[in-house]
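Visitor: coords please:
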Amino acid sequence: MPRPHNKDKHVIVALGGVTMTPSELRDQLSKLDGALAIKVHPDWVAWMAINHAVDVISEIKAAGMLCFVDRKFDEIPSEVEKQMRLWENLGVDMITAMVSGGVPMLEAAKAGGPQMTLLGVTVLTTKDEAVCERTHGRSIAKTVVDFVNDAADAGADGTVSSPTDLTTMLDAGIAMESGFRVIPNVRMPDGSDIKGDDQNKDRQATPDRVGRLCGVNGAVVMGRPILQAAKPEEALRQAEELYQHGMSN
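Guide: Numbers count the residues shown, from 1 in each chain. Below you'll find the predicted structure:
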C-alpha cells in the first residue's frame with residue numbers, strides 16, 4: 001500500500017482550536033512548513049466555513065501539506081460511503097474510520113473515497129486495559145491485532161494506533177510495510193509538561209522510537225508539543241529529525 005506522500009516527511013501536525021480566525025490559520029500554517037499533513041476535526045472545517053467563509057482544505061493544500069480529516073466514521077455502511085464521497089470531492093487526502101464499525105463499513109468507506117488514504121482507528125490512545133475489556137471484550141493487545149487485520153481485510157490503506165501497540169503488532173507478525181502506520185500520542189524526549197495534555201502517558205513514545213519501529217511506512221501525529229513550543233517550526237524540525245534518526249538505528 002503506497003504512502004500518501006514522499007518518503008522524507010513523517011510528522012502530521014494536529015491543528016486544534018475551533019475559534020481560530022482565517023489569519024490565525026494562515027499564521028499557523030506558515031510556521032509548519034515541512035509537515036507531511038495537517039490533521040483537523042471535521043467540525044472545525046465546518047465551523048471555519050460557516051463563520052469565516054474559508055476553505056480550510058484549500059488553505060492547507062496551498063501551503064504544501066496534505067489535509068487529514070480525523071472523521072472517525074462509525075456509522076452504517078451506506079451513510080459512510082455517501083459521506084466519504086463528499087470529503088473526497090472537497091479534496092481531502094487522508095481520513096479516518098473506526099475499525100470497530102466493522103469490515104463492511106470500512107469497505108464502504110474505501111468504495112466511497114477510493115482516492116483518499118483511509119486509516120482505520122484501532123484502540124483510542126486514551127483507553128486503558130479496563131476500558132478496552134469493557135468496550136471490546138478483550139485486551140488492548142488482542143483488540144489491536146484483530147483490528148489491524150480487519151482493516152487490511154477491508155482494503156484500508158493503514159491504521160492509527162498507539163505507539164506502544166507497535167511492538168504488539170510486530171510480535172504478532174504484522175509487517176509495518178503492509179500498511180501506512182499513523183501514530184498519535186507522541187511526545188518529545190525532554191518530557192516537558194504540555195498544557196492541556198489529556199493523553200494516556202502509559203501509551204506514549206518519542207518520535208525516534210516510532211521511527212525505529214515503523215520505518216518509512218509510518219508518521220507521527222503531534223499537536224501541542226509542536227504548537228505550544230516557543231518556536232513551532234523548530235519543534236517540527238526536531239521531531240522530523242528524531243523520527244529519521246530512529247529509522248537509521
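Visitor: Now do the strands in the protein.
Guide: Along the chain, the stretches classed as strands by DSSP state E are 11-14, 37-40, 66-73, 94-98, 117-121, 158-160, 180-183, 218-222.
Visitor: Which among the ones you listed is found nearest to residue 172?
Guide: Judged by Cβ to Cβ, the one of these that comes nearest to residue 172 is strand 158-160, at 12.8 Å. Where C-beta positions appear, they are placed from N, C-alpha and C, glycine not excepted.
Visitor: and the closest residue to residue 43 other than its chain neighbours, what does it touch?
Guide: Leaving aside its chain neighbours, residue 43 sits nearest to residue 18 (6.9 Å; criterion: Cβ to Cβ, 6 or more residues apart in numbering). With contact taken as Cβ atoms under 8 Å, 6 or more residues apart in numbering, residue 18 is in contact with 41, 43, 44, 47.
Visitor: Around the closest residue to residue 101 other than its chain neighbours, how many other residues sit close by?
Guide: Leaving aside its sequence neighbours, residue 101 sits nearest to residue 74 (Cβ to Cβ, 6+ apart; 4.5 Å). Counted by other Cβ atoms under 10 Å, the residues lying close to residue 74 total 14.
Visitor: What segments of this protein are helices?
Guide: In the chain, the helices defined using DSSP state H lie at 22-30, 42-52, 56-62, 77-90, 103-112, 129-136, 140-153, 165-171, 207-214, 224-227, 232-247.
Visitor: pLDDT score assigned to the residue nearest to residue 101?
Guide: Residue 74 is assigned 97 on the pLDDT scale.
Visitor: That one contacts residue 96, correct?
Guide: No: using Cβ atoms under 8 Å, residue 74 is not in contact with residue 96, being 10.0 Å away.
Visitor: In this structure, which residue is most central in space?
Guide: Nearest to the mean C-alpha position of the chain, counting by Cα atoms, centre = their mean, stands residue 182 at 5.0 Å.
Visitor: got the contact list for that one?
Guide: Shown in contact with residue 182 (Cβ under 8 Å, 6+ apart): 12, 94, 119, 158, 159, 160, 161, 218, 219, 220, 221.
Visitor: quick one on the thing from earlier: need the strands of the chain in a markdown table with distance to residue 204, can you?
Guide: Below are the strands of the chain laid out as a markdown table (distance: least, Cβ to Cβ, whole Å):
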| stretch | distance to residue 204 |
| --- | --- |
| strand 11-14 | 14 |
| strand 37-40 | 17 |
| strand 66-73 | 18 |
| strand 94-98 | 20 |
| strand 117-121 | 17 |
| strand 158-160 | 15 |
| strand 180-183 | 10 |
| strand 218-222 | 11 |
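Visitor: Nice, that's everything, thank you.
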